[in-house]
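Enquirer: whatever this is, show me its structure:
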Amino acid sequence: MLVVADCATAQQLDFVAIRSAANYSATHHGASLLVIQSGKTLLEEYPAGGGADTPRKIYSGTKAFWNLAALAAAEDRLLKLDERVADTIPEWQNDSRKSGVTIRQLLDFSCGLEPGFFLHGRDPGDRDAMAIKLPIIAAPGAAFVYGPGALQVFHRLLKAKLRGEAPKHYLERRVLRRLRLGPQRYLQDGAGNPLLAAGWQLTARQWAKLGKLVLAHGAPVVSSRSLAECWRGSLANPTYSLGWWNNRAAPTGRDADFEWMLNSKGENWDGVCLCRDAPADLVACIGSAHQRLYVIPSLRLIVVRHSSGGSFSDATFLRLLLGRKRG
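Expert: Residues are numbered from 1 along each chain as shown. All right, here's what the predicted structure looks like:
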């Protein structure tokens, strides 16, 4: 569970440390950096040009918004996270392993479904129909298999639960309007299905609104109890739940490059963290090519970083930002 400190007691960041982190980010292909603590903007820079009004790709940062829609749907009693997917998706009812998959396992990528990376294509066909046909390659709950397939199955399920309202309209009505965000870049296929795994473009200030929701315990979208589902992790991957990565293995865990691990084979997610010298309540949305939204509730801190790629270390950046460089 995340603990949110009182604004008056949160340790304030040192400007020299912020400047060091900003320089590191800029020299590692950083395109924007926004640092907000206790509601005050401490730094806002756009070394790649474009300025505050330029939206940039957040890639997998998109996932957290759709997971908010899932939590909202649970609060609206449209679904339960631990109900079986097959109760809504009839194509899964006669498959011995698919029939036991829960909605939560779709959302935390522990359902064992093949990743289906081809679904990222601009128009691969009916994404939902193809995702439903993907094979199970690991026993549900036993492995972390990260890819767009599971979320596209969730899109089909949510569509069925809504009974007439398009999932993207529900997302806009129930989540985005409350965050004062409008319709997004959905990368729809020919059947009208948006890509849930990626595709959005947000300015740093827009993405920071999601961080403000975390500091507000889920308000104005969901309750604190619902938001807490994002921090629980799974047996398959204790560091990930519902669009968010956590740092709870700190300070005894080992620093890991999560992006590299996602692209490697045979990864071991036990005991890893983004930065063992950062607070254990740090959570992050991670997008490809080092797009980042960090939130540290105990410090009342929100950090947004866009990047054009290149090399980057979460641990190094966070140590610089927090003034905790190792000797």
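
Enquirer: ranges for the helices of the stretch 201-327 of the chain?
Expert: With DSSP state H, counting those that start in this stretch as the criterion, the stretch 201-327 of the chain has helices at 204-215, 224-227, 258-262, 314-322.

Enquirer: just send the ones you listed back as TSV, with distance to residue 99 too.
Expert: In short, each C-beta sits where N, CA and C put it, glycine included. Rendered in TSV, the data for the helices of the stretch 201-327 of the chain read as follows (distance: least, Cβ to Cβ, whole Å):
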stretch	distance to residue 99
helix 204-215	34
helix 224-227	27
helix 258-262	28
helix 314-322	38
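
Enquirer: domain map for the protein?
Expert: 1-56+202-327, 59-199 (automatic domain parsing).

Enquirer: low-confidence ranges in the protein?
Expert: 1-9, 266, 325-327 (pLDDT under 70).

Enquirer: mean neighbour count for the domains of the chain - can I get that in CSV?
Expert: Shown next, in CSV, are the domains of the chain (neighbours: other Cβ atoms under 10 Å):
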stretch, mean neighbour count
domain 1-56+202-327, 18
domain 59-199, 19
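
Enquirer: how close does residue 48 sit to residue 307?
Expert: Using Cβ to Cβ, to the nearest Å, we find residue 48 at a distance of 9 Å from residue 307.

Enquirer: overlap in contacts, these two.
Expert: 30-31 (Cβ atoms under 8 Å, 6 or more residues apart in numbering).

Enquirer: what sits closest to the residue nearest the centre of the chain if chain neighbours are left out?
Expert: Nearest to the geometric centre of the chain sits residue 243, at 3.0 Å (Cα atoms, centre = their mean). Excluding the flanking residues, the one nearest residue 243 by Cβ to Cβ, 6 or more residues apart in numbering is residue 64, at 3.2 Å.

Enquirer: hang on, the earlier thing: figure out which of the helices of the stretch 201-327 of the chain is closest to residue 171.
Expert: helix 204-215 (13.2 Å; Cβ to Cβ).

Enquirer: output the contacting helices and strands for the closest one.
Expert: Counting contacts by 3 or more Cβ pairs under 8 Å, 6 or more residues apart in numbering; DSSP states H and E, helix 204-215 packs against strand 30-37, helix 62-75, strand 283-287, strand 291-296, strand 301-307.

Enquirer: which one of these lies closest to residue 227?
Expert: helix 62-75 (7.0 Å).

Enquirer: give me the contact list for the closest one.
Expert: Against helix 62-75 from outside (Cβ under 8 Å, 6+ apart): 79-81, 103, 107, 151, 154-155, 158, 161, 167, 170-171, 174-176, 184, 195-200, 210, 213, 221-223, 226-227, 229-230, 242-244, 285, 287, 293.

Enquirer: would TSV of the helices and strands packed on helix 204-215 with distance to residue 93 be doable?
Expert: Output for the helices and strands packed on helix 204-215, formatted as TSV (distance: least, Cβ to Cβ, whole Å):
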stretch	distance to residue 93
strand 30-37	47
helix 62-75	21
strand 283-287	34
strand 291-296	38
strand 301-307	43
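
Enquirer: now for those, which one comes closest to residue 95?
Expert: That would be helix 62-75 among the helices and strands packed on helix 204-215, by Cβ to Cβ, at 22.4 Å.

Enquirer: how far off strand 283-287 does the closest one point, in degrees?
Expert: Here the directions of helix 62-75 and strand 283-287 differ by 120 degrees (axes from the mean of the first three to the mean of the last three Cα atoms, to 10 degrees).

Enquirer: check which element follows helix 62-75 along the chain.
Expert: helix 103-107 (DSSP states H and E).

Enquirer: distance from that following helix to the middle of the chain?
Expert: Helix 103-107 sits 14 Å away from the centroid of its parent chain (Cα atoms, centre = their mean, to the nearest Å).
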